[in-house]
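[1] Dropping the sequence and predicted coords here.
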Amino acid sequence: MEIPYLQVNNLNYSISGQTILHDISFKIEKGDILVIIGPNGSGKTTLLKLILGVIKPDKGTILINNRNVKTALGKIAYVPQKFDFDRNTPITVKEFIALEKCGKREHGLRYISDALAQVGMTGKENKKLGVLSGGEFQRLMIARALLHEKELLIFDEPAAGIDLQGEATIYSLISQINQKKGTTCLIVSHELSVVSRFAKQVLCLNKSLVCFGPPQVAITPEVLKNLYGSEAGLYHHHKH
Amino acid sequence: MLEFLNYPFMIRAIAAGSAVALVLGYLGTFIVTRRLSFIGDGLAHASLLGVALAILLGFAPLPTAMLTAVVLAILIYYLERRTNLSGDMAIAIIFTSGMALGLILLHFYSGYQPELMSYLFGNILAISRWDLISIISASVIIITFLTIFFRRFLFATFDPVGAYLAGKKPWLYDLLLYIMTAVAIIAGIKLVGIILVSALLVIPSAISRLYTKSFVNFILLTILLSFLIINSGLILSYYLDLPSGATIVLTGSILFMFLSITKKLIK
C-alpha cells in the first residue's frame, strides 16, 4: 500500500484552555493540491503552523512520508500571508533568494535568473526587496521554492491583498508547478473559487473537520452552511 | 597637523576605536534589521553590574564586564523566548535590574573610583595595552565568526521561519548575535562610555541604510561610516579638548542629520 505524503492524525490544539483545533485527521498523496477553507478564526493558519512544526500540538501526530516533520525540513517552503519585514532594509531580490544555500554551485546567478524568469520576474535580481509589490513578493517566494526544489509548498492566503490579475497569476503558477514538477501544495484560502479551479482535495475547517475529499464530493450546501452560515449560498462559486 | 599621533594614548585610542568601529558597525546592521536597537543600550547599562563587581573584587573590569554582559544577554534571550515578555520588556527589566544591582554594589565601595567614571563616560586616556589587546581580540573573533556564518546570521535575522524550514537553527544564531553584541558593546565602553556606547551600534546603520539597496553594501558602508565617525570624533575631541565619547556620538548624530536631509533633497 502506498504511504500518504502527508498524514495528520487526531490533531488537537488549544491556547489557554480555548480549543483552536479539535481532532483533525486527513491524509494527502504526493502531487495533490489541498485547499483548506474555513471562516475567519476557524484554525486554518494554526493548522499550517502545526504542519510546519512551528508550534506543537497538544495531541496528535503529523507525518510527512511516514516520518516526523523535522526529517522533512529542507523540503518544505512556506509562503506566509504577509512577510513581516522593514521595507527600508537594504536587501536585494538576489540576496533574499540566496539566503538558503542550495546544492547548485554558489547560487550561480544563472539559476537565480532562471527561477525568477519562471515566475515572470526576469531582470529583477538587483531590485531592492522593499520596492516589490505584494504580488511580486509572492512570486519571489515561489521562485525561491523552485530554486531550492522544494517538495511541499504551503501557502497561507497567497492572494491576500493582491489585485485580481496578480491573484490569477499566483494561482496559475501554483497550478503549473504542481503539474510540471509534481510538487505537493497546501493552500489556505477563504475563496471558494480557488477550490473549484485548483483543488484536488479540499478540507473544510471550523475548529474541527467539517469536510474532506475531492471538491465535487466534499462541498455540499450543508457544509457551506456549517462553515459560513445560512447565507453561504450567496458566496458559492458559479461554474461557467 | 598629525601631532596627536605622537601620543601613545591617542594611538591606542585610534586602534581600539577602529576595532570597535568594525565590530559595532558590522553587528549594527543585523541589530537594526532585527529592530533591536534598544538591546545595545540595555546591555551597556546593565554591564555596570560587571564593572561594579570587578571594582569591588579587584578583578580586571573589561573582561568581567564582558562576562557579565554575556550572562545578561543570555538572560534577555531566555526571558524573550520562554516567557510572555516582549523583547523590549525583557531588555528593560534586565537593563534596570543590572544597573540597580551595580549601584548597590558600588555603594559598598568606599572612596573615589576614577575607573568607574571612565566606564560611565568613556576615557581614551584610560585605555591600557591590556584593554587594547582585549578589544582587538574580541573584535577579531566576532568579525571572523560573523563573516564565516554570514548567510546563516542573515537568514535567521531576516526570515527565521524560512531558516527553520531550511533545517537551520535560527534560535542558535539569535543567541549568538545577542552574545556577540554584548561583548562588542563592552569593547566600546572605554571609548564612549556605558551611557552613550549603543549609539555606535545604531547611528552608522541608520545612515547607510538610506543610501544602499543590497545587504553587502549596507554592511560595507556602515563599517566605513562607523570608522569615520569614531576616528573623526576622537581627533576632534583631542583638538577641541572635549569628552571623547560625547564628541564621537555627536559627530555621528550630526552626520546622520546632514545625510538624511541630503537624501531627502536628492529625491
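    Thanks, I have it. Numbers count the residues shown, from 1 in each chain, chains lettered A, B, ... in the order given.

[2] Now do the SS call for B:I179.
    Three-state call for B:I179 (DSSP: H, G, I helix; E, B strand; the rest coil): helix.

[3] Count the residues that sit near it.
    Using other CB atoms under 10 Å in any protein chain shown, B:I179 has 17 other residues around it. Every residue, glycine included, has its C-beta placed from N, CA and C.

[4] got the residue ranges for the helices in the stretch 1-150 of chain B?
    B:8-33, B:38-46, B:48-57, B:61-82, B:87-107, B:114-121, B:129-148, B:150-158 (DSSP state H, counting those that start in this stretch).

[5] Please identify the deepest-packed of those helices.
    helix B:38-46 (a mean of 26; mean count of other CB atoms under 10 Å in any protein chain shown).

[6] Now tell me which helix or strand of chain A has the poorest mean pLDDT.
    helix A:192-198 (a mean of 81; mean pLDDT, DSSP states H and E).

[7] got the end-to-end distance for stretch B:108-116?
    The first and final residues of stretch B:108-116 sit 14 Å from each other (CA to CA, to the nearest Å).

[8] Pull the distance from that stretch to the chain's centre.
    25 Å (CA atoms, centre = their mean, to the nearest Å).

[9] right, so of the helices of the stretch 1-150 of chain B, which gets closest to A:N10?
    Nearest to A:N10, of all the helices of the stretch 1-150 of chain B, is helix B:61-82, at 28.0 Å by CB to CB.

[10] So which elements touch that closest one?
    Using 3 or more CB pairs under 8 Å, 6 or more residues apart in numbering or on different chains; DSSP states H and E, the elements in contact with helix B:61-82 are helix B:38-46, helix B:48-57, helix B:87-107, helix B:114-121, helix B:129-148, helix B:170-192.

[11] can you tell me which residues contact A:S208?
    A:21-24 (CB atoms under 8 Å, 6 or more residues apart in numbering or on different chains).

[12] PyMOL command to pick out the buried ones of those?
    The PyMOL selection below is limited to those of the contacts of A:S208 classed as buried (16 or more other CB atoms under 10 Å in any protein chain shown):
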select buried, chain A and resi 21+22+24
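
[13] just to revisit the earlier point, ranking the helices of the stretch 1-150 of chain B by mean pLDDT, which is last?
    Mean pLDDT is lowest for helix B:114-121 out of the helices of the stretch 1-150 of chain B, coming in at a mean of 81.

[14] packing partners for that one?
    Taking 3+ CB pairs under 8 Å, 6+ apart as the contact cut, helix B:114-121 packs with helix B:48-57, helix B:61-82, helix B:170-192.

[15] picking up where we left off before, now do the buried residues in the least confident helix or strand of chain A.
    Quick answer for helix A:192-198 (16+ other CB under 10 Å): A:192, A:194-196, A:198.

[16] JSON lines for the residues you listed, including distance to A:A145?
    Compiled in JSON lines, those are given as follows (distance: CB to CB, whole Å):
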{"residue": "A:L192", "distance to A:A145": "25"}
{"residue": "A:V194", "distance to A:A145": "19"}
{"residue": "A:V195", "distance to A:A145": "22"}
{"residue": "A:S196", "distance to A:A145": "24"}
{"residue": "A:F198", "distance to A:A145": "16"}
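
[17] Adding distance to chain B, write the residues you listed out as TSV.
    Below are the buried residues of helix A:192-198 laid out as TSV (distance: CB to the nearest CB, whole Å):
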residue	distance to chain B
A:L192	28
A:V194	23
A:V195	26
A:S196	30
A:F198	23
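
[18] Which one of those is nearest to B:L265?
    Nearest to B:L265 among the buried residues of helix A:192-198, with distances taken as CB to CB, is A:V194, at 47.3 Å.

[19] Give me the spatial nearest neighbour of that closest one, chain neighbours excluded.
    A:V35 (5.7 Å; CB to CB, 6 or more residues apart in numbering or on different chains).

[20] quick one: the helix or strand that contains that neighbour to chain centroid distance?
    Using DSSP states H and E, A:V35 falls within strand A:33-37. Distance of strand A:33-37 from the chain centroid (CA atoms, centre = their mean) equals 8 Å.

[21] which other helices and strands contact it?
    Using 3+ CB pairs under 8 Å, 6+ apart: strand A:33-37 touches helix A:44-52, helix A:164-181, strand A:184-188, helix A:192-198, strand A:201-206.

[22] what is the rounded mean pLDDT of it?
    Here the average pLDDT along strand A:33-37 is 94.

[23] and it with strand A:201-206, angle?
    20 degrees (axes from the mean of the first three to the mean of the last three CA atoms, to 10 degrees).

[24] Would you mind extracting the C-alpha trace of strand A:33-37 into CSV?
    The C-alpha trace of strand A:33-37 is given here as CSV (Å, rounded to 0.1, in the frame of the first residue of the first chain):
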residue,chain,number,x,y,z
ILE,A,33,-3.2,20.3,-4.2
LEU,A,34,-5.1,20.6,-1.0
VAL,A,35,-7.1,23.8,-0.4
ILE,A,36,-8.0,24.5,3.2
ILE,A,37,-11.1,26.7,3.6
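
[25] Touching that strand from outside, list them.
    A:6, A:28, A:44, A:47-48, A:174-175, A:178, A:184-192, A:194-195, A:198-205, A:215, A:227.

[26] List the pairing partners of it within its sheet, with orientation.
    strand A:184-188 (parallel), strand A:201-206 (parallel) (DSSP bridges).

[27] Please work out the average pLDDT along the longest one.
    In this model, strand A:201-206 carries a mean pLDDT of 93.

[28] Stretch A:76-83 now?
    Here the average pLDDT along stretch A:76-83 is 89.

[29] Name the residues of that stretch that are buried.
    A:76-81, A:83.

[30] Tell me the spacing between the residue most central in space within chain A and A:S189.
    The structure's chain A has its C-alpha centroid closest to A:F155; by CA atoms, centre = their mean the separation is 2.0 Å. A:F155 sits 8 Å away from A:S189, going by CB to CB, to the nearest Å.

[31] Next: B:P63.
    57 Å.

[32] Residues of chain A that sit close to chain B?
    A:52-54, A:73-74, A:76-78, A:80, A:83, A:85-86, A:88-92, A:95-96, A:98-101, A:126-128, A:148 (CB under 8 Å from any CB of the partner chain).

[33] residue of the stretch 1-150 of chain B with the smallest distance to chain A?
    B:T33 (5.3 Å; CB to the nearest CB).

[34] Now do the strands in chain A.
    A:6-15, A:18-28, A:33-37, A:59-64, A:67-68, A:76-79, A:152-156, A:184-188, A:201-206, A:208-213 (DSSP state E).
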